[in-house]
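Student: dropping the sequence and predicted coords here.
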Amino acid sequence: MVRSEPRKIIVKPTTGWAALNLRDLWIYRELVYFMTWRNLKVRYKQSLLGIGWAILQPFLTMVVFSIFFGNLAGVPSDGVPYPIFSYTALIPWTLFSKALQDASHSLVQSSHMITKVYFPRMILPLAAVLAGVVDFLIAFVVLLGMMVFYKVTPTANIWTIPFFLLLTLVTAIGVGLWLSALNVLYRDINYVLPFLTQFWMYISPIAYPTSMVPEKWRLVYALNPMTGVVEGFRWALLGTGQAPSMVTLISSLMALFLFISGMFYFKRMERQFADMV
Amino acid sequence: MSRTAIHVEHLGKQYRLGQFVGNYRTLRETFSEKFNARKTEEPRKLLPESIWALEDVSFDVLQGEVLGVVGRNGAGKSTLLKILSRVTEPTRGVVEIYGRVGSLLEVGTGFHPELTGRENIFLNGAILGMKKNEIESKFDEIVSFAEVETFIDTPVKRYSSGMYLRLAFAVAAHLEPEILVVDEVLAVGDADFQRKCLGKMSDVAKQGRTVLFVSHNMSAILRLTQETLVIDKGHLLLRAPTAEAVDFYLSRGLTQEGQRIWQPDEIPARADPFVPVAVRLTDRKGHILDGVRSTEPFFLEVEYKLKKPIKGLRVGIYIITSHGEFVFTSFDTDDPAQFEQYPQRPEGAYRSRCEVPANLLNGGRFVVGVNASSYRIKTYFHDEQALAFNVDAAGAPGTHWPENRLGAVRPMLAWKIDKIDGSEKK
């Protein structure tokens, strides 16, 4: 048997901001798939309601929002039925908040793997975020059903949804990388996270329309990438709100910034994981 | 002409104390640390209370070489393997590795109890760096090696511990890396399984791949390796042909006079809640001895603490010859009455003491190992080289012939001589 020249690996101390080493991530790309698949499989094997949870969580939130914000508080919904209005925002939001939660625990939960075998650590938060996409798709089907029920026709811009989904994922992965790395070093993140998620929801146009935010603050408001995401979803599906504009651009740039800074921070902290976790 | 497989140069690894047990910080600590550092203008490079788990280690391994690594608990062996398998980064030095490193210290890594055997094979294979088609092509081989054919679609949480272990080992063993790193897997599983593991290892070695074998089992090291590294307190003390290295290792560093006290950094985190304190060789009155006579009884005692109650705990000793052969193993609850009296040991400080009768051991050097475990549940602590002592055979059976007696034991047996040809005349 002819063996090709073995790959040479050099192990030495790295200092400061390390290179991203995306080549390694590429070599291990199949592991991203397997870990995502494992996360899904385990989640649905262990919980009684299984796939039902993917629908129930955003759906029940939508019901509560519709009663209290839509009916009692009379929050405007840009001319579409409030349930559809809030559910459209809750789908990407649930994906995002679940991703933060799962990603931030991903490293600590897999400490037995980190201390025993080498693989690009980034795969763990990455797979945690990606597993949420299946829930997203299931919840999305429910949305289509609701649209039929409320007789809301999707706009011709529905084809842009994958872009806004991507924007959600990029944001979630960026923040997820930050949180997962921080969680290894400081377990305080467990206490910070519920507050952070809640806070983030209030500064995103989930329960209310962007049109309620004063014009002059819109661009500052767009610094939250989830603003661009939710606006995009509503625009593409319901035809409300603004067409992609400065808001979308600012949100996308911010998402990209979170993503890249997250990768570098993660990489910088990675070398300590096995000793700290 | 062999090429280099591993090149290690001035390798060093520093740990902050406390990191061994997985010490994470809180934000408050970090902030106050930084704040104080600025205040006193202390250079941050001076890490307080840090230790070098490995210091200035250099060696080369050629392709196809089978190299043993021996050292006491906490000597730095595991740290070395972790650096070689890229789990942790060194603080200093460089390692060049040619080829994929597979390690059997990661048996069962990533196994999920809810997933079936089949699913776990794929997942575990991917974690170890195998491609999907690679796993598919070896799937049948893995399953038959592990002997789990009928349970392959059962969640592994329903597997017996033996099946689980076999499956985990099978996946790791079929990785076919250029370099294989093995750490103590042979200490687990039944005898049959251990034979299989050893067989697989020598297969790997015969195929011309490089093997690094870390073990406390001297006879396995002697059997499988040609050369051995002796590591102590983070330093590489010796690299020599295995027989010489094992001899050096067993006769050196183990010369504490009849007593071994475990330092906190020698106690692995998994020992919790069992805390080994000391093992001693004493006379009847409890005085520590540095050597014993074959013709007199002596006592071995293990002192330990339990932070929490442990069910079914047994604390015991091994006696091992300096060639690494086991002479005997004995536990403090071997006696059924004793076993029933201690179904669970409450927390507190303990001493388990036994008498080793006279006329048992032959003259020579022996090693005492200590084991604390609950049968089929967990091995809390295990140190196969806790203590060494000499036995003086003077006065033992047969010493009127000044020759070396073969064998580790030298019992006084009740011989009787009868003449049976009946030609005796009265």
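Tutor: Noted; the coordinates are in hand. Everything numeric here is computed off the predicted structure, so don't read it as measured data.

Student: list the buried residues for the helix of greatest length in chain A?
Tutor: Longest helix of chain A, by residue count under DSSP state H: helix A:246-276. By neighbour count on 16 or more other Cβ atoms under 10 Å in any protein chain shown, the buried set for helix A:246-276 is A:247-248, A:250-252, A:254-255, A:258-259, A:262-263, A:265-267, A:269-271, A:273-276. (Glycine included, C-beta is placed from N, CA and C.)

Student: one more: stretch B:235-249?
Tutor: B:235-240, B:242, B:245-246, B:248-249.

Student: low-confidence ranges, the chain, go.
Tutor: Picking chain A for this. Applying pLDDT under 70 to chain A picks out residues A:1-6, A:16-18, A:46, A:48, A:50.

Student: my question was about chain B
Tutor: Using pLDDT under 70, chain B drops low at B:1-2, B:17-49, B:73, B:105-108, B:184-194, B:217, B:251-257, B:423-426.

Student: for the biggest strand by length in it, packing partners?
Tutor: As assigned by DSSP state E, the longest strand anywhere in chain B is strand B:378-392. Helices and strands touching strand B:378-392, by 3 or more Cβ pairs under 8 Å, 6 or more residues apart in numbering or on different chains; DSSP states H and E, are helix B:242-251, strand B:259-261, strand B:274-282, strand B:291-293, strand B:313-321, strand B:364-374.

Student: let's see 7 Å
Tutor: strand B:274-282, strand B:291-293, strand B:364-374 (3 or more Cβ pairs under 7 Å, 6 or more residues apart in numbering or on different chains; DSSP states H and E).

Student: with distance to chain A and mean neighbour count added, can I get the ones you listed in CSV?
Tutor: Shown next, in CSV, are these (distance: least, Cβ to the nearest Cβ, whole Å; neighbours: other Cβ atoms under 10 Å in any protein chain shown):
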stretch, distance to chain A, mean neighbour count
strand B:274-282, 20, 21
strand B:291-293, 41, 18
strand B:364-374, 20, 20
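
Student: in TSV, list the ones you listed along with distance to B:Thr109.
Tutor: Converted to TSV, the helices and strands packed on strand B:378-392 look like this (distance: least, Cβ to Cβ, whole Å):
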stretch	distance to B:Thr109
strand B:274-282	24
strand B:291-293	44
strand B:364-374	22
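
Student: residue numbers of the stretch 151-277 of chain A in contact with chain B?
Tutor: A:184-188, A:271, A:274-277 (Cβ under 7 Å from any Cβ of the partner chain).

Student: redo that, cut-off 10 Å
Tutor: Applying Cβ under 10 Å from any Cβ of the partner chain, one finds that the stretch 151-277 of chain A approaches chain B through A:182-189, A:191-192, A:270-277.

Student: packing partners for the helix or strand harbouring A:Ile55?
Tutor: Taking DSSP states H and E as the definition, one finds A:Ile55 inside helix A:52-65. In terms of contacts (3 or more Cβ pairs under 10 Å, 6 or more residues apart in numbering or on different chains; DSSP states H and E), helix A:52-65 is packed against helix A:29-46, helix A:82-109, helix A:123-149.

Student: of all the ones you listed, which one is nearest chain B?
Tutor: With distances scored as Cβ to the nearest Cβ, the stretch of the helices and strands packed on helix A:52-65 nearest to chain B is helix A:29-46 (4.2 Å).

Student: how long is stretch B:397-412 end to end?
Tutor: Terminal residues of stretch B:397-412 lie 6 Å apart, using Cα to Cα, to the nearest Å.

Student: lovely, talk soon.
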